[in-house]
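Participant: What follows is a predicted structure for the sequence shown.
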Amino acid sequence: MPKDHRPTLAPWFVYRALTADELRSFADNGYLLYGPSLTDAGLERMRDECMAAWNAEKGPFDPDSTWLNNALLTNIHHRTELVRQYYFSGPIVDVATQIIGPNIKTATSQLTFKMRGNTQSFAWHQDNVYGELDPYNAISCLTALDDADQKNGCIWIVPGSHAQGQVEYERTDEDIQQRTVVELDIDDALGVPVPIKAGQCLFFHALMLHKSEGNFAKDRDRRILFLRYADADAVEVYNDRTPRLGRLVRGNTKYNEVRAYEAQLPLL
């Protein structure tokens, strides 16, 4: 069993298990607001570390650049200590085990920012369409670094849509390699906005239909830390069912390559 790092991480993180009602709500609706998962000091430090990483490679919104350059910074846990601690041993890992099961690995870590001036929307999609994993029970965790609302580009979801399964959408190898945007034809009237406070998390199922509008707040950014977890034995359907590589953060796996992946990365 992994060492319990909660006492060491207590200044930064707020640990709380999901209630039975919350678990039922997630099963029924496919999403859940949780938190805050960061203390005030943890939120301030998370912002500082994430912005240092962002500014080292990115900057303000550039209308002449691509959505990738303007909105995405991948493998953020390689770039900041606090994200790595949060991703590997924070309260969101406990939530992931309650939703998915006892054997958990990491699957995706990135910053998804809509800086002021970025009025580009992001179309309806399912996260599993971008990287289809089996079993189909992966979850995404969006931790807000700013208050997010309809003005600055909060997430919209279609409650219960995860129960309909994965939407058929053909993506070529080039689409996957170039991270071409998925655009599903979904009735906007089905969607509801999910405002979220800084330090809170939005968990949702990998098959949840969701989107975001642009940031039309002239004086506010919308910065989100996006982390994804999967069953420790999850495989990439699009890649000949190769085991998805990710850090084993809870339990065990039948794949030696998963057990060894990123095991050398320090936690504390």
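Facilitator: That came through, no problem. Numbering: from 1, shown residues only.
Participant: for the stretch 1-150 of the chain, what spans make up the helices?
Facilitator: Along the stretch 1-150 of the chain, counting by DSSP state H, counting those that start in this stretch, helices occupy 6-9, 20-29, 40-57, 67-71, 81-89, 91-99, 127-130.
Participant: Present those helices as CSV; the columns should include mean neighbour count, mean pLDDT and distance to Gly199.
Facilitator: C-beta: built from backbone N, CA, C; applies to glycine. Formatted as CSV, the helices of the stretch 1-150 of the chain follow (neighbours: other CB atoms under 10 Å; pLDDT from 0 to 100; distance: least, CB to CB, whole Å):
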stretch, mean neighbour count, mean pLDDT, distance to Gly199
helix 6-9, 14, 86, 15
helix 20-29, 14, 98, 18
helix 40-57, 16, 97, 5
helix 67-71, 17, 87, 21
helix 81-89, 22, 97, 12
helix 91-99, 21, 98, 11
helix 127-130, 21, 84, 22
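Participant: The ones you listed: which one's closest to Gln150?
Facilitator: Gln150 lies closest to helix 67-71 among the helices of the stretch 1-150 of the chain, at 18.0 Å (CB to CB).
Participant: so which of the helices of the stretch 1-150 of the chain gets nearest Asn152?
Facilitator: Per CB to CB, nearest to Asn152 of the helices of the stretch 1-150 of the chain: helix 67-71, 13.3 Å.
Participant: Who are the packing partners of that closest one?
Facilitator: strand 104-114 (3 or more CB pairs under 8 Å, 6 or more residues apart in numbering; DSSP states H and E).
Participant: How far does the strand it packs on sit from its chain's centre?
Facilitator: 4 Å (CA atoms, centre = their mean, to the nearest Å).
Participant: hey, where'd the strands end up in this protein?
Facilitator: Counting by DSSP state E, the chain has strands at residues 31-34, 72-74, 104-114, 122-125, 133-134, 139-144, 155-157, 192-194, 201-205, 210-212, 222-231, 235-236, 242-243, 248-250.
Participant: if we compare these, which one ends up closest to Pro11?
Facilitator: strand 139-144 (16.9 Å).
Participant: pLDDT (mean, whole number) over that closest one?
Facilitator: The average pLDDT for strand 139-144 rounds to 98.
Participant: Quick one: the helices of the stretch 1-150 of the chain as JSON lines, columns for distance to Val194 too.
Facilitator: Shown next, in JSON lines, are those (distance: least, CB to CB, whole Å):
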{"stretch": "helix 6-9", "distance to Val194": "27"}
{"stretch": "helix 20-29", "distance to Val194": "11"}
{"stretch": "helix 40-57", "distance to Val194": "19"}
{"stretch": "helix 67-71", "distance to Val194": "18"}
{"stretch": "helix 81-89", "distance to Val194": "21"}
{"stretch": "helix 91-99", "distance to Val194": "16"}
{"stretch": "helix 127-130", "distance to Val194": "15"}
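Participant: what's the least confident stretch among the strands of the chain?
Facilitator: strand 122-125 (a mean of 90).
Participant: What is that one packed up against?
Facilitator: Counting by 3+ CB pairs under 8 Å, 6+ apart, strand 122-125 packs on strand 210-212.
Participant: Leu248 and Lys105 touch, don't they?
Facilitator: Yes: here Leu248 lies in contact with Lys105, judged by CB atoms under 8 Å, at a distance of 5.1 Å.
Participant: Between these two, which has more neighbouring residues?
Facilitator: Lys105 (28 against 21; other CB atoms under 10 Å).
Participant: Let me know the distance separating the more buried one from Pro193.
Facilitator: 31 Å (CB to CB, to the nearest Å).
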